[in-house]
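Novice: Provided below for reference: sequence and predicted model.
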Amino acid sequence: MKREIGCVTEQERDVIQSLFERRNGLNELAKILTIENVALYDKLVKDMGDTSTKFQKWWNDMSVKYGWESVDNGHWEINFDTCKIFLVE
């Protein structure tokens, strides 16, 4: 089940969209990168960790700011076109 629980500003949307796209790009890069390239591998792992931390922090910060409802085993999603936030159960 998915239902609308709020929205964010366009500027806030832009931040999470950038992090979302970066995380997806890093995940694609991880699929083709081999551990033999140690320097690049280490940089990728660090960047993935940093990006994931920033991504989760954005959701945490926005949920506090806007008082979004949450449920066990649920997650939030954003519609990048409308800036609407949904709770997915």
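Specialist: That came in fine, so what should we check first?

Novice: and the most centrally placed residue in the chain, what pLDDT?
Specialist: Centroid-nearest residue in the chain, with CA atoms, centre = their mean: residue 55, separated by 4.0 Å. At residue 55, the model reports a pLDDT of 98.

Novice: Wait, it touches residue 26, no?
Specialist: No - Residue 55 lies out of contact with residue 26 (CB atoms under 8 Å); the separation is 10.8 Å. Backbone N, C-alpha and C define where each C-beta goes, glycine included.

Novice: Is the residue of the chain most remote from its centre within a helix or a strand, and which one?
Specialist: Farthest-out residue of the chain from its mean C-alpha position, per CA atoms, centre = their mean: residue 36, at 28.6 Å. Mapping residue 36 onto the secondary structure by DSSP states H and E places it in no helix or strand at all.

Novice: Could you do residue 49 as well?
Specialist: Element membership for residue 49 (DSSP H and E) is helix 38-66.

Novice: Point out the other helices and strands that that helix packs with.
Specialist: Secondary-structure packing of helix 38-66 (3 or more CB pairs under 8 Å, 6 or more residues apart in numbering; DSSP states H and E): helix 10-32.

Novice: Would you mind getting the angle between the helix it packs on and helix 38-66?
Specialist: Interaxial angle, helix 10-32 versus helix 38-66 (axes from the mean of the first three to the mean of the last three CA atoms, to 10 degrees): 150 degrees.

Novice: List of residues touching helix 10-32?
Specialist: With contacts defined as CB atoms under 8 Å, 6 or more residues apart in numbering, helix 10-32 is touched by 8, 44, 47-48, 51-52, 54-55, 58-59, 62, 78, 80, 83.

Novice: can you give me phi and psi for the residue farthest from the centre of the chain?
Specialist: Main-chain dihedrals, residue 36, degrees, to the nearest 10: phi -60, psi -30.

Novice: Residue 18 versus that one, what's the distance?
Specialist: With the distance defined as CB to CB, to the nearest Å, residue 36 ends up 30 Å from residue 18.

Novice: low pLDDT regions in the protein?
Specialist: Along the chain, the model assigns pLDDT under 70 to no residue.
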